[in-house]
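A.B. asks: what would the 3D arrangement of this be:
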Amino acid sequence: MKVLVTGGASNSMAFEVIMKLIKKGIDVVIADNCEWKFTSPFHSNITYYHTALDKELLTPILQKEKVEVALHFKSEPITSNKIKDSFDQSEENIHTTMHVLEACAEAKVKKVIFPSTISVYGNQSDVAVEDSFLDPILFEGLSKKVEEKYVMHYHKLYGLDFSILRFADIYGIDNGGYIAENIERAIDGHAPLINGTGQELRNFLYIDDAVDAILAALTSGDNQVINIAADSMHSLEEAAVCVSETVGKLEPVYDREEETLVSTCPVSTHKAKELLGWEAKIPLWEGLQKTLEKTEARKHF
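C.D. replies: Model prediction:
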């Protein structure tokens, strides 16, 4: 099997997936408009194209390399929920996804795996299953909702198979999320920071569990939308305390005036277990310890 990874030169989650693919002896083709940003050198199983993700440029690459599965990781982070700050990133992500889908359909790629987010559900009190109503409150969720529709539409039009994986909040990589930011603070001797009351619930998923779900989707879960999340949720306060205990007993501090808008929704992972044979294995405390070790190693590299 040969797999395309878009964004593989610049996306931390994509990099973790690439390393696992190589260990399994799978040939990887990277297409990215960014330079290689990681300290690890290229592996002989990697072919890297520094290119814009444009249909006209990507299609001949897919045809030449005889790619069977495309993992579409290329995405500009949407960190603001203000339209003036997030509109351009959202538009670019949707535009890029359309070009990748066009190229895959033209090159007769068998399948696209699209990482989405559980934030597409918005704030729902009931446990969300994959066909629940989508009501995102964050622009990240809104953008992913639109991109999901394009992925499904290309299956209807061109028979391009897909797996859409809706991930919880992934930590354990350099992605600037709540866990990563607080571990960085604690390592630097600053107390973990809790915005607002700290009682908002989040679903935190360690990167190794997330990568395992993607690898499972290479050969299963065709034409399905699947939630990928931990079985339990944690409050922001609880997560900050766990960070504090993991790094060195720094008492978390509150910034009650700086409440962060978050998307909170419990989700079912029944389909992941049934179709992918997947479930989260790494609890928060263990994932935090692993994250601390990786963060310290990176800072002292």
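A.B. asks: for the spatially most central residue of the chain, give the beta-bridge partners.
C.D. replies: Taking CA atoms, centre = their mean, the centroid of the chain lies closest to Pro115, which sits 5.6 Å from it. Pro115 has these beta-bridge partners by DSSP bridges: Leu165.
A.B. asks: got the contact list for it?
C.D. replies: Contacts for Pro115 were tallied using CB atoms under 8 Å, 6 or more residues apart in numbering; they are Met13, Leu71, His72, Phe73, Ser75, Leu165, Phe167, Ile214. In this view, the C-beta of every residue, glycine as well, is placed from N, C-alpha and C.
A.B. asks: equivalent analysis for Cys242, please.
C.D. replies: For Cys242, the contact set (CB under 8 Å, 6+ apart) comprises His234, Leu284, Trp285, Leu288.
A.B. asks: picking that back up, would you list the contacts of Pro115 in JSON lines and tack on secondary structure?
C.D. replies: What follows is those, written out as JSON lines (DSSP: H, G, I helix; E, B strand; the rest coil):
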{"residue": "Met13", "secondary structure": "helix"}
{"residue": "Leu71", "secondary structure": "strand"}
{"residue": "His72", "secondary structure": "strand"}
{"residue": "Phe73", "secondary structure": "coil"}
{"residue": "Ser75", "secondary structure": "coil"}
{"residue": "Leu165", "secondary structure": "strand"}
{"residue": "Phe167", "secondary structure": "strand"}
{"residue": "Ile214", "secondary structure": "helix"}
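A.B. asks: report the buried residues of stretch 109-125.
C.D. replies: The neighbour-count check on stretch 109-125 (16 or more other CB atoms under 10 Å) flags 109, 111-122, 124 as buried.
A.B. asks: which ones among those map onto strands?
C.D. replies: Lys111, Val112, Ile113, Phe114, Pro115, Ser116, Thr117 (DSSP state E).
A.B. asks: quick one: which of the residues you listed is nearest Asn45?
C.D. replies: Set against Asn45, the nearest of these by CB to CB is Ile113 (18.5 Å).
A.B. asks: just the pLDDT for that closest one.
C.D. replies: pLDDT for Ile113: 98.
A.B. asks: just Thr79 next, same as before
C.D. replies: So, for Thr79, pLDDT stands at 66.
A.B. asks: ok, Tyr154 touching Ala103?
C.D. replies: No: using CB atoms under 8 Å, Tyr154 is not in contact with Ala103; the gap is 10.8 Å.
A.B. asks: the more surrounded of the two?
C.D. replies: Applying other CB atoms under 10 Å to Tyr154 and Ala103 shows that Ala103 carries more neighbours, namely 26 against 21.
A.B. asks: max-length helix in the protein?
C.D. replies: Scanning the chain for the longest helix, with DSSP state H as the assignment, gives helix 83-106.
A.B. asks: if you skip the residues just before and after it, what's nearest to Ser75?
C.D. replies: The shortest distance from Ser75 to any non-neighbouring residue, by CB to CB, 6 or more residues apart in numbering, is to Asn93 (5.2 Å).
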